[in-house]
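Visitor: Sequence first, predicted model second:
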Amino acid sequence: MSSSQDEEERPENATRRFERRGFLKNSTMAAAIAGAGLLAAPPAAAQARDQAPPSNTGGRGRRYVIRGGAVMSMDPKVGNFESADVLVEGKRIVAVKPHVNASGADVIDARGRIVMPGFVDTHHHMFETAERAFLANGLLLDDKSGSPSAFPNYTEHILQGFAKKYRPQDVYINELFAGLSQLDAGVTTVLDVSQIHHSPEHSDAAVQALIDTGRRAAFGYFEGDGRPGARYPEDARRLRSRWFSSDDQLVTMIMGGEVHLGEEVYTRAWTIARELGVRIAAHAVGSFGMRPVIEKIARGTGGVKVGPDNTFIHMTGLSDEIWKKFRDAGAHVSIAFPIEMNMRHGTPPIIKMQELGMEPSLSSDVETTMAADPFTLMRSAMTMQRMVVNQMVLDQGSGEPPDDWPKPAEGTPPLLTVRDVLRYGTINGADHLGLGGKTGTLTPGKEADIVLLDATALNVAPLNSVPGAVVSLMDRTNVETVIVAGKIRKWRGRLLDADLGRLTRRLENSRDYLFKEMNLKQDLFKYS
């Protein structure tokens with residue numbers, strides 16, 4: 001090849017010519033696409049999903065069928081279907097199968113949607129909504145580092161600060177707003193850990209908010225700040241009689257039995273709970289000074305007996321002895337993966353639970369620090385566990401070929417899958433709250449707590465895996481329709497029966513009051 005070769009024939013310029021021709025070809029194609037109308041808005045006929053929801057849903061004898069969705073029942077006996085129907089009558093599921101014969105029933109078109117049980121959150125401090133993102137960097141306690149993570153911190157600024165300033169009306173709007181927000185995200189059941197029971201009026205405001213939200217909830221009767229007039233835990237008897245005379249209602253009751261309150265208090269709380277026939281929930285965090293008390297309880301010298309009616313939250317930093325005793329007693333564990341990783345509770349104990357043959361439920365914990373939607377919880381759980389186990393496996397090799405990609409050694413915990421975390425966020429949550437007979441799966445006879453997730457959306461299409469899409473791709477924008485006990489609460493992207501503008505203004509007024517009482521300047525950039 002001579003040095004006088006035409007410049008056009010040189011390899012680099014041939015490449016440019018090829019790219020230029022490709023560009024022209026692609027430009028022609030783009031014009032053709034635009035001409036075909038593929039980048040234009042669809043015709044009105046293609047937007048027919050705007051019809052009103054069926055009326056009087058959830059009412060006695062009221063029937064409708066959710067037709068043609070990809071149904072993930074979460075019940076092995078029912079199964080999963082690429083296309084199937086769910087028939088609802090009143091508040092219950094009647095049938096889950098392809099081609100349900102439902103003559104006379106209203107039809108909800110679920111084509112292109114994933115139909116599955118509503119999500120369950122087993123630990124959410126709903127009263128803290130006015131302080132959302134206030135502790136985006138915050139730790140559980142001040143570690144004396146002087147860093148933005150140490151100040152402000154959760155114990156000093158929330159439990160010992162903001163919480164003391166709440167009036168009953170603040171409790172109500174914070175709890176209501178949090179409940180509607182989670183309902184919008186597909187969380188149909190929650191354990192409200194409302195450590196705000198400064199008086200019976202505060203307690204009644206919390207219960208009323210849960211009822212007015214219109215979703216399934218376990219009202220957690222935890223402590224308040226101990227001011228004169230506070231009646232924890234004895235007021236549980238009045239609350240049970242006034243608000244929870246029936247167990248067949250959307251809002252039920254759980255007793256908070258916090259061990260850090262001292263033996264005299266927690267033994268009274270546990271005794272009253274069992275007298276009233278309600279379950280018991282308590283935080284268990286070794287780094288919060290609880291370990292010695294929890295060890296006494298595990299050994300049978302702490303004045304109470306652990307049983308299947310106990311749910312322990314976090315379970316970080318605790319000994320193998322405690323874990324084995326609690327497992328053998330049938331106790332449940334709720335893990336708040338995002339919060340535990342962010343606020344230094346300790347490493348979420350998923351590996352320990354796998355070693356012991358246990359499974360957790362999922363909890364959002366505090367919106368002061370992290371979002372309370374189920375997608376954040378499931379992805380955090382799966383990512384954290386797989387990070388730890390993947391590194392564990394890599395460390396079993398030499399790091400050099402051919403041993404740089406070793407086979408997992410015997411006894412290595414299995415990697416979590418999308419189906420695992422879906423189970424944690426539905427079935428396990430319902431079971432841990434004593435509600436497994438009512439919700440957690442799409443099973444005929446259970447109450448119809450159902451979400452329809454948009455699988456045609458830009459962040460999901462094309463749909464290749466139902467469990468994979470829900471866990472690895474979706475967010476709250478995909479939650480299109482939400483049903484609680486047969487009643488449609490969110491319809492095709494819009495929350496029903498809620499004046500969100502008015503409620504937002506009330507929440508902002510509550511926030512303004514609380515910041516003023518805390519002598520904190522409101523500054524949108526100061527605290528993070």
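Guide: Sure thing, it's come through.
Visitor: Any idea how far stretch 312-327 is from the middle of the chain?
Guide: 22 Å (Cα atoms, centre = their mean, to the nearest Å).
Visitor: just stretch 161-176 next, same as before
Guide: 22 Å.
Visitor: cool, stretch 240-251 as well?
Guide: In this view, stretch 240-251 has its centroid 24 Å away from the chain centroid, taken as Cα atoms, centre = their mean.
Visitor: Next, the buried residues of that stretch.
Guide: If you call a residue buried by 16 or more other Cβ atoms under 10 Å, then stretch 240-251 has these buried ones: 240, 243-244, 250-251. For the C-beta atoms, the positions are set from N, CA and C on the backbone; glycine is no exception.
Visitor: Run a quick neighbour tally on residue 87.
Guide: The number of residues packed around residue 87, counting by other Cβ atoms under 10 Å, is 21.
Visitor: That one belongs to a helix?
Guide: No: counting by DSSP: H, G, I helix; E, B strand; the rest coil, residue 87 is not part of a helix but strand.
Visitor: Bridge partners for it, pull those for me.
Guide: With DSSP bridges applied, the residues forming beta bridges to residue 87 are residue 65, residue 95.
Visitor: Please save the CA atoms from stretch 86-104 in CSV.
Guide: This file holds the C-alpha atoms of stretch 86-104, laid out as CSV (Å, rounded to 0.1, in the frame of the first residue of the first chain):
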residue,chain,number,x,y,z
VAL,A,86,-59.5,-13.0,40.5
LEU,A,87,-63.2,-13.0,41.6
VAL,A,88,-64.0,-10.8,44.6
GLU,A,89,-67.3,-10.9,46.4
GLY,A,90,-67.8,-8.5,49.3
LYS,A,91,-64.5,-8.3,51.1
ARG,A,92,-63.3,-11.8,50.2
ILE,A,93,-61.6,-13.6,47.3
VAL,A,94,-63.9,-16.2,45.8
ALA,A,95,-61.8,-17.6,43.0
VAL,A,96,-58.3,-17.4,41.4
LYS,A,97,-57.9,-19.2,38.1
PRO,A,98,-58.0,-18.7,34.4
HIS,A,99,-61.4,-17.9,32.8
VAL,A,100,-63.5,-17.4,35.9
ASN,A,101,-67.2,-17.4,35.0
ALA,A,102,-68.5,-14.3,36.7
SER,A,103,-71.7,-13.3,34.8
GLY,A,104,-73.2,-10.1,36.1
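Visitor: avg pLDDT for it?
Guide: Per-residue confidence for stretch 86-104 averages out to 97 on the pLDDT scale.
Visitor: Just the buried residues of it, please?
Guide: Going by neighbour count (16+ other Cβ under 10 Å), the buried part of stretch 86-104 is 86-96, 100, 102.
Visitor: Also stretch 119-134?
Guide: For stretch 119-134, a neighbour-count test (16+ other Cβ under 10 Å) marks 119-132, 134 as buried.
Visitor: Can you dump the C-alpha atoms of that stretch in CSV for me?
Guide: This file holds the C-alpha atoms of stretch 119-134, laid out as CSV (Å, rounded to 0.1, in the frame of the first residue of the first chain):
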residue,chain,number,x,y,z
PHE,A,119,-47.5,-5.7,50.9
VAL,A,120,-47.1,-5.9,54.7
ASP,A,121,-44.9,-3.6,56.8
THR,A,122,-44.3,-5.0,60.3
HIS,A,123,-42.7,-1.9,61.9
HIS,A,124,-43.4,1.7,61.0
HIS,A,125,-43.2,4.7,63.3
MET,A,126,-46.0,6.5,61.5
PHE,A,127,-46.3,9.5,63.9
GLU,A,128,-42.9,10.8,62.6
THR,A,129,-44.1,11.8,59.1
ALA,A,130,-43.6,15.5,59.7
GLU,A,131,-39.9,14.9,60.2
ARG,A,132,-39.4,13.1,56.9
ALA,A,133,-35.8,13.3,55.7
PHE,A,134,-34.8,15.3,58.7
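Visitor: So what's the gap between that stretch and the chain middle?
Guide: Averaging C-alpha positions (Cα atoms, centre = their mean) puts stretch 119-134 10 Å from its chain's average.
Visitor: Stretch 274-284 now?
Guide: Distance of stretch 274-284 from its chain centroid, counting by Cα atoms, centre = their mean, is 21 Å.
Visitor: any residues touching that stretch, and which ones?
Guide: Counting by Cβ atoms under 8 Å, 6 or more residues apart in numbering, the neighbours of stretch 274-284 from elsewhere in the structure are 123, 191, 193, 218, 220, 236-237, 240, 244, 252-260, 266, 269-270, 273, 290, 294, 309-316, 318, 334, 433-434.
Visitor: Ends of that stretch, what's the gap?
Guide: 20 Å (Cα to Cα, to the nearest Å).
Visitor: average pLDDT for it?
Guide: Regarding stretch 274-284, the rounded mean pLDDT is 98.
Visitor: Flag every buried residue along it.
Guide: Taking 16+ other Cβ under 10 Å as the neighbour-count basis, stretch 274-284 is seen to contain the buried residues 274, 276, 278-284.
Visitor: ok, back up a step: now, the most widely separated pair of the buried residues of stretch 119-134?
Guide: For the buried residues of stretch 119-134, the maximum inter-member distance is 26.2 Å, found between 120 and 134 (Cβ to Cβ).
Visitor: tell me which element residue 483 is part of?
Guide: Using DSSP states H and E, residue 483 falls within strand 479-484.
Visitor: Please apply the same query to residue 300.
Guide: No secondary structure element spans residue 300, as it lies outside all helices and strands (assigned by DSSP H and E).
Visitor: Ok, the one 3 residues further on next?
Guide: Counting by DSSP H and E, no helix or strand carries residue 303.
Visitor: Which of the three states applies to the nearest residue to it once chain neighbours are set aside?
Guide: Leaving aside its sequence neighbours, residue 303 sits nearest to residue 267 (Cβ to Cβ, 6 or more residues apart in numbering; 4.3 Å). Assigned by three-state DSSP, the conformation of residue 267 is helix.
Visitor: now the stretch 301-450 of the chain, which segments are flagged as low pLDDT?
Guide: In the prediction, the stretch 301-450 of the chain carries no residues with pLDDT under 70.
Visitor: which residues in the stretch 251-400 of the chain form strands?
Guide: Taking DSSP state E, counting those that start in this stretch as the criterion, the stretch 251-400 of the chain carries its strands at 251-256, 279-285, 310-316, 332-335, 361-362.
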